[in-house]
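A.B. asks: A structural model of the following input is requested.
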Amino acid sequence: RINQGEIHLLENLRFYSEELSCDKVFSEELSKHGDIFINEAFGTAHRAHASNVGITSFFVQKACGFLVSKEFQYLDQIARNNQGKLVLLLGGAKISDKIKLISRFRNIADKILIGGAMSHNFLKAEGFDVGKSLIESDAIDLSKDILNKNRNKIVLPLDFLSTKDISDDKNTVISSHNSIGDGDIAVDIGPETISLFK
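C.D. replies: A predicted model of the protein is given here:
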């Protein structure tokens, strides 16, 4: 248990499978570090992990922090007061993490730009080879469905920075979205896509 005046700094909890599976016992152990729970991690709030979801079962006093509240207010204002052009830029690896966001903004945003590894799912759904690039294979059908319902809004990358070895940043090439080699890994959007997104 933490004592008054102490700060406990824990290592990256995602190293623990119990964190990712939102294990109840692990969540309870984490809760013993304090008396009040404040979630200030907006960037990971969508993940049902032990440290931000499971842990809340063991606190009577719990709330969002000022940063999370500010982000909610900002997003709410955008969603309610779409006075001009609104473009949603999404990245990251998992489309399943972003599906609710896409659904929420598809009638609000003028365009939805898809970057990051989640764009590989959409390209795969369109029938393109993405080589050894990271994909969420069980989300290909979901990607197809999103594309079919939002064809005029979704903007996918035209090119990528690709490599055969992710640990070797010196041997990278620019690959078109339709010419990623079998052994290539797309690691970032390319210059043509950057211009398009701008």
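
A.B. asks: quick one: contacts of the helix or strand bottoming out on mean pLDDT in the chain?
C.D. replies: The element with the least model confidence among the helices and strands of the chain, by mean pLDDT, DSSP states H and E, is helix 95-105, at a mean of 76. Applying CB atoms under 8 Å, 6 or more residues apart in numbering, the contact partners of helix 95-105 are 46-47, 79, 86, 88, 90, 92, 112, 118, 121-122, 136, 139, 142-143, 146, 150. (Each C-beta comes from the backbone N, C-alpha and C, glycine too.)

A.B. asks: next SSE after that helix?
C.D. replies: Using DSSP states H and E, the helix or strand that follows helix 95-105 in sequence is strand 111-114.

A.B. asks: kindly list the longest helix within this structure.
C.D. replies: Taking residue count as the measure and DSSP state H as the definition, the longest helix of the chain comes out as helix 66-80.

A.B. asks: got the buried residues for that one?
C.D. replies: Under the neighbour-count criterion of 16 or more other CB atoms under 10 Å, helix 66-80 has V68 buried.

A.B. asks: what residues sit buried inside the helix or strand just after it?
C.D. replies: Next in sequence after helix 66-80, counting helices and strands by DSSP H and E, comes strand 87-90. By neighbour count with 16+ other CB under 10 Å, strand 87-90 contains the buried residues 88, 90.

A.B. asks: parallel or antiparallel, list what pairs with strand 87-90.
C.D. replies: Under the criterion DSSP bridges, strand 87-90 sits next to strand 111-114 (parallel) in its sheet.

A.B. asks: could I get the following helix or strand past the partner strand in CSV with only the CA atoms?
C.D. replies: Scanning the chain past strand 111-114 towards its C-terminal end, the next helix or strand to appear is helix 118-125 (assignment: DSSP H and E). Once non-C-alpha atoms are left out, helix 118-125 reads as follows in CSV (Å, rounded to 0.1, in the frame of the first residue of the first chain):
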residue,chain,number,x,y,z
MET,A,118,-5.0,-0.3,-39.8
SER,A,119,-4.8,0.9,-43.4
HIS,A,120,-3.3,-2.5,-44.3
ASN,A,121,-6.7,-4.1,-43.3
PHE,A,122,-8.5,-1.9,-45.8
LEU,A,123,-6.0,-2.5,-48.6
LYS,A,124,-6.3,-6.2,-48.0
ALA,A,125,-10.1,-5.9,-48.0
